[in-house]
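Sequence plus the predicted model coming up.
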Amino acid sequence: MKDEVLKTITALLLFIALTQIAFGQQMPDTTSLPKIDNPAFARGQGPLILIDEAHNNFHTAGNRYLPFATFLRNDGFRVQPSPHEITEDILRECAILVISNALHASNLGNWQLPTPSAFSEQEIRTLREWVAAGGSLMLIADHMPMPGAAAELAAAFGVHFNNGFAYETENGVRRQRPIVFKRADGSLADHPITRGRSAHERIDSVVTFTGQAFQVENDSGALMIFRDGSISLMPEVAWQFDDKTDSVAVSGWLQGVAADFGEGRIAIFGEAAMFTAQRAGPQGRPFGMTMPQAQQNPQFLLNVMRWLAKLY
């Protein structure tokens, strides 16, 4: 019994260490992006996507989300960083706004509670009105502290973030591996995004890497659904778990939703690495959507953005 406990603790510490290494040494990798056989738009002729960089974002177009931006440019989208606060003038320029892992200034290098909103009330109101009038928003908030920073913004769209770390469990023990959402077991929903525009674009599995779980007021746009036994750990400091760490059961909660909102559309996700390609750790191992088990993640990203662009 003691040996089994020791093995479990060792595996847990190794997983935490590797994950922290990955976050500390993530290097964007644009060399392994798959080729897009049938781009949605001619090069540089597609809708403009702005990637928010005004809110201490952990993922930006020039760094951790460079592969995200490069891949979408290969599909014909125009992609630019946005270093400005959210205003009507800024939003008027673009068809899609992407916000990934914003942080309040107080949490820079300080991933612990409290986690105030990264967005002002005026920015949230402006963005909600823009989407309702026809704009498209992709909002991504990974594990704590990112959900706390974006919670007020998400709530404006009827999405309620959980400021924790989401995991699946097996025999009561949390699984130290990526989460695979599958069409076959219902954890990946049938949706225009997972159907795509043809059989070639159909998505049967999507892989994520920890992140958060959230609830929605109207789950008609549910995409990625946590299976029975899933939990969210709620530490006061990121990655610091012990036997006193609170947990919340999140079976049936979501890690992805995409729905109409007024005349516009929202796609909200609780994990960020699934949409980019990186090399992590001293050995530069693939991490993210170019990992072997995440083969359909790149097509899933294309489907999400084409849906937000209202191609279908």
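Structure received. This one's a predicted model, so the numbers in the text were calculated from it and none came from an experiment.

Could you check the strand ranked longest in the chain and say which residues are buried?
Looking across the chain with DSSP state E, the single longest strand is strand 254-261. Within strand 254-261, the residues scored as buried using 16 or more other CB atoms under 10 Å are 254-259, 261. C-beta coordinates here come from the backbone N, C-alpha and C atoms, glycine included.

now stretch 181-193
Neighbour counts using 16+ other CB under 10 Å place 181, 183, 187-189, 191, 193 of stretch 181-193 among the buried residues.

Same question for stretch 194-205.
By neighbour count on 16+ other CB under 10 Å, the buried set for stretch 194-205 is 194, 196, 201, 203, 205.

pLDDT averaged over that stretch, what's the number?
Across stretch 194-205, pLDDT averages out at 97.

What's the local residue count around residue 77?
25 (other CB atoms under 10 Å).

What is the burial count for the closest residue to it other than its chain neighbours?
Closest residue to residue 77 apart from its sequence neighbours, by CB to CB, 6 or more residues apart in numbering: residue 46 at 4.2 Å. Using other CB under 10 Å, residue 46 is surrounded by 23 other residues.

looking at this, residue 46 is in a strand?
No: looking at residue 46 with DSSP: H, G, I helix; E, B strand; the rest coil, it is coil, so not inside a strand.

quick one: contacts for the closest residue to residue 161 other than its chain neighbours?
Of all residues not flanking residue 161 in the chain, residue 147 sits nearest, at 3.8 Å (CB to CB, 6+ apart). By CB atoms under 8 Å, 6 or more residues apart in numbering, residue 147 lies in contact with 115, 141, 154, 161-164, 212, 214, 270.

before we move on, what about residue 141?
101-102, 147, 149-150, 154, 161, 212, 269-270.

Residue 224 looks like it's in a strand, true?
Yes: checked against three-state DSSP, residue 224 lies within a strand.

what is it paired to in the beta sheet?
residue 188, residue 256 (DSSP bridges).

isn't it right next to residue 208, touching?
Yes: under the criterion of CB atoms under 8 Å, residue 224 makes contact with residue 208 at 7.3 Å.
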